[in-house]
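Visitor: Sequence plus the predicted model coming up.
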Amino acid sequence: MNALKYLGILILLIGVVILTVPTIVGQSSNTFLLVGLTTIIVGFFAHIILNKKIE
């Protein structure tokens, strides 16, 4: 159950990778930006909700 505590941070980091890779490659489109932003927001709220549920 303690591993769920870091699930929100993991989702957030996946969103950062989604935003970083197309920028490095040079192919940033609105789809990548929208998916990356959505993933970061979901990770942020998942981190808050899971930390409240675990404690």
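Guide: Cool, got the structure.
Visitor: Other residues contacting whichever strand or helix holds L19?
Guide: For L19, the host element (DSSP states H and E) is helix 7-25. Here helix 7-25 makes contact (C-beta atoms under 8 Å, 6 or more residues apart in numbering) with 28-29, 32-33, 35-51. The way it works is simple: take the backbone N, C-alpha and C, and place the C-beta from them, glycine included.
Visitor: do that again at 6 Å, thanks
Guide: With C-beta atoms under 6 Å, 6 or more residues apart in numbering as the test, helix 7-25 has contacts from 28, 32, 35-36, 39-40, 42-43, 46-47, 50.
Visitor: List only those of those flagged as buried.
Guide: With burial judged by 16 or more other C-beta atoms under 10 Å, the buried subset of these is 32, 36, 39-40, 43, 46-47, 50.
Visitor: Can you say which two of the residues you listed are spatially most distant?
Guide: Maximum pairwise distance among the buried ones among the contacts of helix 7-25 (C-beta to C-beta): 26.2 Å, between F32 and L50.
Visitor: circling back to that earlier point, just the ones in helices from the contacts of helix 7-25, please.
Guide: If you go by DSSP state H, those have 32, 35-36, 39-40, 42-43, 46-47, 50 in helices.
Visitor: Now distance to Y6 and pLDDT too, for those, in a markdown table please.
Guide: Converted to a markdown table, those look like this (distance: C-beta to C-beta, whole Å; pLDDT from 0 to 100):
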| residue | distance to Y6 | pLDDT |
| --- | --- | --- |
| F32 | 25 | 89 |
| V35 | 22 | 94 |
| G36 | 20 | 92 |
| T39 | 16 | 96 |
| I40 | 16 | 95 |
| V42 | 15 | 95 |
| G43 | 11 | 94 |
| A46 | 10 | 92 |
| H47 | 8 | 92 |
| L50 | 9 | 89 |
